[in-house]
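Chemist: need coordinates for the following:
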Amino acid sequence: MKKEIGKWLMDVAKYMVTAILLSSIFSDLQNTWMYVGIILSIIGIFALGLWFIKDNRKEE
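Modeler: Presented below is the predicted three-dimensional model:
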C-alpha cells in the first residue's frame, strides 16, 4: 500500500512539473516567488513519494 501511495505522489509531482512548464511558456515570469514555492513543493512531494516507495525490509 505504501508503494502505491509513493507512486501516486511521484505522479502528482510530475503533473506539477508539467503544469509549471506550460504556464511559464504561455505567460511571462512576473511573480518568481510563486514559481520558487511551487518548485519547493514539487521537491517535497517527490521526496515524500520516494520515502514511501523505499523498502525498509532487509533482504536475507
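Chemist: mean confidence for the longest helix belonging to the chain?
Modeler: Longest helix of the chain, by residue count under DSSP state H: helix 2-26. Across helix 2-26, the average pLDDT comes to 91.
Chemist: what's that helix packed up against?
Modeler: Judged by 3 or more C-beta pairs under 8 Å, 6 or more residues apart in numbering; DSSP states H and E, helix 2-26 is in contact with helix 32-53. Where C-beta positions appear, they are placed from N, C-alpha and C, glycine not excepted.
Chemist: what sits closest to the most centrally placed residue in the chain if chain neighbours are left out?
Modeler: The centre of the chain sits closest to Ala13, judged by C-alpha atoms, centre = their mean, with a distance of 2.5 Å. The shortest distance from Ala13 to any non-neighbouring residue, by C-beta to C-beta, 6 or more residues apart in numbering, is to Phe46 (4.1 Å).
Chemist: re earlier: any idea how far the residue nearest to the centre of the chain lies from Gln30?
Modeler: Ala13 is 24 Å from Gln30, where distance means C-beta to C-beta, to the nearest Å.
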